[in-house]
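Visitor: Fold the following for me, if possible:
(one chain, ligands or ions: 1)
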Amino acid sequence: MAVKRIGVLTSGGDASGMNAALRAIVRTGLDRGLEVYGIYEGYRGLIDGGDKIRPLGWSDVGGIIQRGGTIIGSARSEEFRAREGRLKAARNMLACGIDGLVVIGGDGSLTGADTFRREWSDLLATLVADGAITPEAARNHPALTVVGLVGSIDNDAAGTDMTIGADTALHRITEAIDAISSTASSHRRTFIVEVMGRHCGYLALMGAIATGADAVFIPEHPPESDDWEGALASQLKAGHDAGRRDSIVVLAEGATDRQGGPITTERLKAALTRGLGEEVRATVLGHMQRGGSPSAFDRNLGTTMGYAAIEALLSGAADTQSLVMGIRGNRVVHIPLDECVAASRTINELLTARDYEGAMRLRGASLNDAQRTMTTLSRALPHPPQPGKRRIRLAVLHAGAPAPGMNTAVRAAVRLGIDDGHVVLGVRRGFIGLAGGDVFEMDWMSVNGWAPMGGAELGTSRDVPEGRDLYAIARTIEQHAIEGLLVIGGWEAYEGAHRLFEERKNYPAFEIPIVCLPATIDNNLPGTELSIGADTALNSIVSVVDKIKQSAVAEQRCYVVEVMGRRCGYLALMSGLATGAERVYTHEEGVTLKSLEADLDVLVKGFTQGKRLGLLIRNEEANTVYDTRFMCALFEEEGGGLFDVRQSILGHLQQGGDPSPFDRIQATRLARLCLRFLEDQIAQGTAPASFIGMVSGKVEFSPFEDYTRMIDAEHRRPNAQWWLGLRSVNEALARPSPRVPRQTA
Ligand code: ATP
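Guide: Below is the predicted model of the structure:
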């Protein structure tokens, strides 16, 4: 494919992360020898032409990764819906010699791009016939290549796990609901919070799960009962009676009843005011959901999708059909644009036809599971145990350093376990507490309010049980008749569980199903691509680094930021990607004097040419000899006064904070699956020891038999680390390669 010049536009509603995508498209394009034109104000700009279509250089997209919205503007254009408009657009494209188009937008924007591609030769024929372009110009640009990125806060696209902007919107929603919950709880009030989502309940449902809300209404799942207003009021009253101080009802703007009648905020408010006999407050979150600085996930999603878009364009993959870049299980996927759009359309049609089951089915299993989980977790009180059903005794404990999301996981395990009729025992202070018999029965309300809470209410310990501890643990298991163990934590949790597994021959008490749920900010565990807490830590790092970058703009300064992770470079690389760091140091890659000298050369050259800020991120144990202080001293001394060097060691702020929405949602989901695993094993009379994880988008349980084979014990990390593949993306975007002209604009 001979595309040489491409245009990029953002269209439809703006979404946080679009700038990261734009940056990646421009820089990867330049790196690969393309000329990249920014088309300002979406399709409207394409039709207007002139200075609305301008070349973009490397530095034009510098310093934008942390900004919400889109710097090239977005718009809706009625004119582009008509052939006449598209004719003008084609003419303007040809005037610039552009025959590749990357569109970042929602359903409508992508459909428009596909129509444009299909019509291209026809449009050109008309332009030739009208004398608007020469036959030669038409011959030189026989086809239009289109690649799409879904920028939509609703997360409503089929074929991709996430759309650009949805995670940030969820951040805004959870921040708002957390804040509203605290005031609602102080005054014992009921609040309705309306969130965006005309056809898609993703934001409302995930926002409700993440904040521990009491009820949710989404377009795909109208309330079952005709008297839903009465049922909701009774549920909230029962919650108050059980001890809840606040009630939060999350409402998607497109929610309806089973007859298709809109459930508006006003309708809900009137119904609840009547039913509860008290004043009910309502907050419509509105456009604040779209705005603000993008989350770490959206920055990295935009970046990887943008990078992939250029690769798809150049590889010829998009020559015969328009493609949408998507992500499934942390891997980039190509989705035929028409399939992606058609699936979303079908869901909207099913909703119009009131076929809610059909719409829910098409949304996929995880939304369905989330809906069911939400229904259970938000109950005022659990179902009473079923007569005749065996009540299992399960224990839950933490081990390792605290990770945001641990409390969320415990809450889900306790409530889902109790609702299934089981007894859930909490263990304080990890394996040491288990050895000491620090075990108590948890009840439904004991975890009230835990969904958004950082830290670890049960307490945790880094101690891995040895010698006499093992004997004491065996006694506790027997005394409390524990039939299954859920261990939520990091490296020490896995080491401890592995120890119990290995000691089964000596301690028959350990012959019970054991499952570990990965929870550590380091993301260094086997059998999973992501652990609970890592996303929160990443967001904490990113927001601090944003501030550091701002503080440095006045001087010529280079920052060396040290992040946690021990010998696992996940946090370093992903935060580097999300903040646009020009160099990331990880233990996996290693640090040598030679590489430091090369980096110094690049810094000196950059600052000599007018650069004002250098940002280097290093993993705390990237190299213990060439540590952060050494690096700073080296750069400062050898920089010859050209720039200052400052170190910033972020420390424990990375372990704290309220869990991010993603961590809360994953903690809830994994806890549910662990609970099911323990139940099933106990029912079958089997006693495996396993660890749960997400691998290529699927949940897997890996047996402890494979544990030692899957880890690099010396460096405390798994042997397989999927994210290492993203190093090339960071390298391509951080610094211009010698191929890139210094300024093409
Ligand atoms: P959002 O999810 O924010 O609604 P969207 O991309 O779906 O984003 P739309 O308003 O549907 O938003 O579309 C944005 C623009 O894309 C329209 O203003 C129009 O210019 C173009 N567009 C949409 N649908 C079509 C179509 N069928 N044919 C041609 N152009 C279209």
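Visitor: C-alpha from now on. contacts and neighbour counts both.
Guide: Fine.
Visitor: can you map out the helices along the stretch 351-500 of the chain?
Guide: Per DSSP state H, counting those that start in this stretch, the stretch 351-500 of the chain carries helices over the ranges 356-363, 365-377, 406-419, 430-435, 467-479, 491-502.
Visitor: I'd like to know which of those helices is closest to the ligand.
Guide: Between the ligand and the helices of the stretch 351-500 of the chain, the shortest gap by C-alpha to the nearest ligand atom is with helix 356-363, which sits at 16.5 Å.
Visitor: Contacts for the closest one, please.
Guide: By C-alpha atoms under 8 Å, 6 or more residues apart in numbering, the surrounding residues in contact with helix 356-363 are 158, 220-222, 347-348, 350-351, 367-368.
Visitor: Save the helices of the stretch 351-500 of the chain as JSON lines, and put in mean neighbour count, distance to the ligand and mean pLDDT too.
Guide: Putting the helices of the stretch 351-500 of the chain into JSON lines (neighbours: other C-alpha atoms under 10 Å; distance: least, C-alpha to the nearest ligand atom, whole Å; pLDDT from 0 to 100) gives the following:
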{"stretch": "helix 356-363", "mean neighbour count": "18", "distance to the ligand": "17", "mean pLDDT": "93"}
{"stretch": "helix 365-377", "mean neighbour count": "17", "distance to the ligand": "19", "mean pLDDT": "92"}
{"stretch": "helix 406-419", "mean neighbour count": "27", "distance to the ligand": "31", "mean pLDDT": "97"}
{"stretch": "helix 430-435", "mean neighbour count": "26", "distance to the ligand": "46", "mean pLDDT": "97"}
{"stretch": "helix 467-479", "mean neighbour count": "17", "distance to the ligand": "53", "mean pLDDT": "97"}
{"stretch": "helix 491-502", "mean neighbour count": "22", "distance to the ligand": "41", "mean pLDDT": "98"}
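Visitor: Reformat those helices into JSON lines and put distance to Gln386 next to each item.
Guide: Formatted as JSON lines, those follow (distance: least, C-alpha to C-alpha, whole Å):
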{"stretch": "helix 356-363", "distance to Gln386": "28"}
{"stretch": "helix 365-377", "distance to Gln386": "16"}
{"stretch": "helix 406-419", "distance to Gln386": "10"}
{"stretch": "helix 430-435", "distance to Gln386": "29"}
{"stretch": "helix 467-479", "distance to Gln386": "25"}
{"stretch": "helix 491-502", "distance to Gln386": "32"}
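Visitor: Compare those helices and give me the one nearest Leu46.
Guide: Minimum separation from Leu46 across the helices of the stretch 351-500 of the chain (C-alpha to C-alpha) falls at helix 356-363, 33.6 Å.
Visitor: Please list all residues in contact with the residue most central in space within the chain.
Guide: Relative to the mean C-alpha position of the chain, the nearest C-alpha, by C-alpha atoms, centre = their mean, is the one of Phe297, at 4.6 Å. Counting by C-alpha under 8 Å, 6+ apart, Phe297 touches 167-168, 535, 578.
Visitor: Can you tell me whether I have it right that it is in a helix?
Guide: Yes: counting by DSSP: H, G, I helix; E, B strand; the rest coil, Phe297 falls inside a helix.
Visitor: Could you look up the SS state of the residue of the stretch 401-550 of the chain found nearest the ligand?
Guide: Closest to the ligand within the stretch 401-550 of the chain is Asn539: 25.1 Å, counting by C-alpha to the nearest ligand atom. Three-state assignment for Asn539 (three-state DSSP): helix.
Visitor: now do Ser543
Guide: For Ser543, the assignment made with three-state DSSP gives helix.
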